[in-house]
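# got a predicted model here, sequence first, then my questions.
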Amino acid sequence: MTIIKNTSALPNYPYQALAPDVVDLLERTAARVGNVPAQMTLKLFECYCDLQGVEVTFLTLSSPKYLNLVKGFMGSLSDTCLIDNEWISRASFIRLMALVHEALRTEIPAMGHVGYDKQSMRSYEAIWHEQRPKLNPERVRYWNGWAVESLKGKEFYLGLAGIWTSHGQEFTENFFQEWRQFYKKQARPAYSQVNKMADFLSAHSQDWPAVTFQHPQMIKAFFLAFMKDFFLDAHHRGLKLNAQIKAWNSFMSNCEEAFIEPGKWATPYQGGLPKPKEKPDLGHSSRKSVQEDGVIVHEKLITPVPLYLTDEEAIELLFKRILSDISIVKSWALDQCKSLIGKMRQRKFLAAIGTPVGTGLSLRTHEEIGLENICATFERDGFQSETKYLAQHFGKDSKVVLAETLGLPTADKLFPYQCLLVSEHPEITGSFLSKLQLHSDNGDFIGYVKSASGARLIGYKDRRGKKYSEQAIDLTPDSQKWIEEIIEITAPLREALRKQGNPIWKELFITCGQAFSRPSSACVPSWNRSKFKLAPSYFNILAEQFAPYERIMPCDMQTFLERVSLSSIRSSCGVEVYLRTKCVTEMSKALGHASYDTALLRRYLPDAILSFFQTRWIRIFQRSFICEAMKDSPYLLEATNFQSMDELHTFLKNHALKDIPHHLRNPENKLSAEQVASQSSQVYISIDVGIMTALLSLEAAVKTSDRADQVCGRARYWAEVSKSVSQEIERGHDSLLKEHLKLAKTHCNPNCMNKVIHVTAA
């Protein structure tokens, strides 16, 4: 049985067997010789030493006992008894440990030699096999970790190593078992608060022993002390107060449900656990942040939206930036999907003309074997992940490169498809796509259903509640094509999993890791600063993919990528629906909300956008228009010959749109309630035939542009003005205005506007 179930839980374990100065020395040496983070390797070594019951100090590094520990540790990585990682991962730990040890010999000459050749490794394996039966069962359980599984089958690890040491195994196991049972009922366990509580409890074990939770006054005092620490930490980290209050109160409710109501813990003195009230927050501060320049922005979208905008900024942001940012992500996703499906189909084509190969090719290159023969072998044998098979059939070259060439769904390769699905259907969330069930147990399609009227994607959105959680998405021709391509791409992995009896085969999104790892559920990647810092090569690959769109990004490449997620794409596309329809109800429908909720929508719709459309825009386009007779020349365009969007914008702003003169609004200078209300619904639009011709020409140029992603925000804005004015005139009954509009249309010339509407000309 594997001791460490998942290496992602290792950061939760403190160093106890390895002394601090030893850890520091090993980390510094690893950085010098391997140029890679050594934390995982050192935590595994800590585990091995702890299982042996040995403490390693600086003085013991030159002893034979330490040398034997290193060799036994390397031997433990030869099989999957210590960790269940792929061999390529375990081999990297072995190599790093050997390099670090050899580098230390220059500082500590008395240290013995450690190699990692086959003969040496066989002797190290013998040391491990001798030590395995002697391992302390209690420490083995300690390193097994504390895994909880959600309602949707996703696994998380609680960080309970601290309270195991401070409060003992029995208390820890009871604490863990209650949470394990509780989280089975939750689709998205908020386990981070449990970890914070465990850390606080272990750090103050003398103040709060195990008996704390059996005493009404002590349990109340503990949670008050923990609450103070919780919120002071949130304050020091600059976290939003209301968001933290929500998280705390939710955790308190969970504690009551899991421990107090069943009688596992005492009922706190004077009632329940402490739950502070949220502070009034009309601006939804949980979606705001302060940029380096001090500007406060709404953070829900791909595009950062400042809380306060001038008219000029609002026009450019609303009619250009948001649409452009969506376009960048969609264009990138389409390119990546086209590349992946193309390589997959190229594999099928080459397989038809190649000849499957046998074994004994481990010393040959891909070129020597022949790509068409590799493809034919893959189609014959299906997806295989065993290291020996891969070497004997596919040669010595990089398996990562080969997986890319064969069009396999390696890590993050299906993310572009997820981006496209969300952009096409903003009601789709990340949780909807996570472990989306494509098949039933007997192989029937249940998540993707086709009928005579079209195709539907059926899944669950947990936050809608049990009653409304099931969602059926009516697919468009494009999104149906993407689903078909995903099924086609993942077919080899799905078949391999099905043969193994692994239930993951039923899911839509399946990946094979970096190359030929065992197939698993595909996770949604997080593009953030820490990930890019730890894996610069990952960022470089993305930067190369996004390079064609860098010229139209509003910021540097990394800043833009850090803002891209399924959530921000979904929110941006929801706002795009609002910009197109000017209707919050339509936006609510597009986002898949079970019912219209103003408070919920404001999490997506920044205040600056609401302000623009609820005040300035409405004053321009709401019902009443007062139009002057279009009496001037229709040849205004030819006479003015605008050279830039700046010139045209300034001209239209000064001559087309004007406030209603004060003496007409209020001749007696009295402001009744009715007059105040009317002021917000009328505007004086001074438009003659020449200006209307310019507007119509601009509108047509924007509509027919072959560079739609480069049309500037102000051009889109005036195109909307033109459209609204035309509709108002056509809806009315003024025959003279209709005649002038008809005349303006005959002189409409979009070609003369093509040079001014694009960003490069602005």
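Sure, I can see it.

# CA atoms for contacts and neighbours, from now on please.
Noted.

# ok, longest helix in this structure?
helix 322-353 (DSSP state H).

# in terms of secondary structure, what does it contact?
The helices and strands touching helix 322-353, judged by 3 or more Cα pairs under 8 Å, 6 or more residues apart in numbering; DSSP states H and E, are helix 371-381, helix 399-406, helix 415-424, helix 477-500, helix 566-581.

# from the chain's centre, how far out does it sit?
Centroid separation for helix 322-353 versus its chain: 20 Å, with Cα atoms, centre = their mean, to the nearest Å.

# give the rounded mean pLDDT of that helix.
The average pLDDT within helix 322-353 is 94.

# got the buried residues for it?
Of the residues in helix 322-353, 322-334, 336-337, 340-341, 343-344, 346-348, 350-351 count as buried by neighbour count, 16 or more other Cα atoms under 10 Å.

# average pLDDT across the helix or strand encompassing Thr29?
Element membership of Thr29 [criterion: DSSP states H and E] is helix 20-33. Model confidence over helix 20-33, given as mean pLDDT, is 88.

# I'd like the next helix or strand past that helix.
helix 39-52.

# on that earlier part again, so which of the helices and strands packed on helix 322-353 is nearest Asp444?
helix 477-500 (13.4 Å; Cα to Cα).

# that closest one to helix 415-424, inter-axis angle?
140 degrees (axes from the mean of the first three to the mean of the last three Cα atoms, to 10 degrees).

# least trustworthy helix or strand in this protein by mean pLDDT?
For the chain, the helix or strand with the lowest mean confidence is strand 624-627, at a mean of 36 (criterion: mean pLDDT, DSSP states H and E).

# got the helices and strands packed on helix 322-353 as TSV, with mean neighbour count, mean pLDDT and distance to Glu550 columns?
Below are the helices and strands packed on helix 322-353 laid out as TSV (neighbours: other Cα atoms under 10 Å; pLDDT from 0 to 100; distance: least, Cα to Cα, whole Å):
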stretch	mean neighbour count	mean pLDDT	distance to Glu550
helix 371-381	20	96	34
helix 399-406	16	93	24
helix 415-424	22	96	18
helix 477-500	17	96	26
helix 566-581	22	84	18
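
# any chance of the ones you listed in TSV, plus distance to Val702?
Putting the helices and strands packed on helix 322-353 into TSV (distance: least, Cα to Cα, whole Å) gives the following:
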stretch	distance to Val702
helix 371-381	47
helix 399-406	40
helix 415-424	22
helix 477-500	24
helix 566-581	15
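
# nearest to Tyr66, out of those?
Closest among those, using Cα to Cα: helix 399-406, at 36.0 Å.

# can you classify Thr693 as helix, strand or coil?
helix (DSSP: H, G, I helix; E, B strand; the rest coil).

# about what we covered before: figure out which of the helices and strands packed on helix 322-353 is closest to Gly263.
If we rank the helices and strands packed on helix 322-353 by Cα to Cα, the stretch that ends up nearest is helix 566-581, at 39.6 Å.

# how far out from the middle of the chain is that closest one?
For helix 566-581, the distance to the chain centre is 16 Å (Cα atoms, centre = their mean).

# and the gap between Glu257 and Pro216?
If you measure Glu257 against Pro216 using Cα to Cα, to the nearest Å, the figure is 16 Å.

# so which of the two has more stuff around it?
Pro216 (16 against 13; other Cα atoms under 10 Å).

# can you pull the pLDDT of that one?
pLDDT, read off for Pro216, is 92.

# what sits closest to it if chain neighbours are left out?
Nearest residue to Pro216 in three dimensions, chain neighbours excluded: Pro268, at 4.4 Å (Cα to Cα, 6 or more residues apart in numbering).

# could you look up the SS state of that neighbour?
coil.

# about what we covered before: nearest to Met252, out of the helices and strands packed on helix 322-353?
Comparing the helices and strands packed on helix 322-353 by Cα to Cα, helix 566-581 comes nearest, at 27.3 Å.

# who are the packing partners of the closest one?
Partner elements for helix 566-581 (3+ Cα pairs under 8 Å, 6+ apart): helix 322-353, helix 415-424, helix 584-590, helix 598-604.

# run a quick neighbour tally on Ala543.
Considering only other Cα under 10 Å, Ala543 is surrounded by 16 other residues.

# list the contacts of it.
Neighbour list for Ala543: 557-558 [criterion: Cα atoms under 8 Å, 6 or more residues apart in numbering].

# pLDDT weak spots in the stretch 401-550 of the chain?
Along the stretch 401-550 of the chain, segments meeting pLDDT under 70 span 461-469.

# which residues in it form strands?
Here the stretch 401-550 of the chain has its strands, by DSSP state E, counting those that start in this stretch, at 448-451, 454-460, 470-474, 510-511, 520-521.

# which one of these lies closest to Pro276?
strand 454-460 (32.2 Å).

# what lines up beside that closest one in the sheet?
Each strand paired with strand 454-460, and its direction, by DSSP bridges: strand 448-451 (antiparallel), strand 470-474 (antiparallel).

# just say which of those strands is most tucked in.
Using mean count of other Cα atoms under 10 Å, the stretch among these with the greatest mean number of neighbours is strand 470-474 (a mean of 16).

# care to break the protein down by domain?
According to automatic domain parsing, the chain comprises the domains 7-143, 147-260, 297-526+565-605, 529-562, 622-761.

# which residues touch Leu273?
220, 223, 252, 256.

# and what of Met121?
Met121 sits in contact with 74-75, 78, 115, where contact means Cα under 8 Å, 6+ apart.

# filter the residues you listed down to the ones in helices?
Going by DSSP H, the helices hold 74-75 from those.

# measure how buried Cys211 is and give me the count.
Slight slip there: residue 211 is Val, not Cys. 11.

# for it, what are phi and psi?
phi -70, psi -10 (degrees, to the nearest 10).

# per-residue pLDDT, it?
93.

# how far away is it from Phe176?
17 Å.

# what about the residue nearest to Phe251 when sequence neighbours are not counted, which SS state?
Of all residues beyond its chain neighbours, the one nearest Phe251 is Gln193 (6.7 Å), with distances taken as Cα to Cα, 6+ apart. Three-state call for Gln193 (three-state DSSP): helix.

# was I right to think Gln193 contacts Ser253?
No. Applying Cα atoms under 8 Å, one finds Gln193 not in contact with Ser253, separated by 12.0 Å.

# quick one: contacts for Ile328?
Tyr549.

# which one is Cys47 nearest to, not counting chain neighbours?
In space, Cys47 is closest to Trp143, 7.1 Å off (Cα to Cα, 6+ apart).

# meant to ask about Cys419
Nearest non-adjacent residue to Cys419 (Cα to Cα, 6+ apart): Leu566, at 6.1 Å.

# who are the contact partners of that neighbour?
418-419, 422, 429-430.

# now, which of the residues you listed sits nearest Leu737?
For the contacts of Leu566, the nearest to Leu737 is Val422 (44.0 Å; Cα to Cα).

# roughly how far does that closest one sit from Leu475?
Val422 is 11 Å from Leu475, by Cα to Cα.

# cool, Arg180 as well?
38 Å.

# swap in Lys320?
27 Å.

# also Leu438?
Relative to Leu475, and taking Cα to Cα, Leu438 is found at 15 Å.

# how many residues are close by Val702?
When neighbours are defined as other Cα under 10 Å, Val702 has 24 of them.

# surely it touches Ala719?
Yes. The criterion here is Cα under 8 Å, and Val702 meets it with Ala719 at 7.0 Å.

# let's have the strands paired with strand 454-460 in TSV, adding distance to Ser572.
Shown next, in TSV, are the strands paired with strand 454-460 (distance: least, Cα to Cα, whole Å):
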stretch	distance to Ser572
strand 448-451	26
strand 470-474	19
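
# select, out of those, the one closest to Gly263.
strand 470-474 (34.5 Å).

# and the contacts of Leu566, which is closest to Thr41?
Distances from Thr41 to these, taken by Cα to Cα, are shortest for Gly430, at 32.3 Å.
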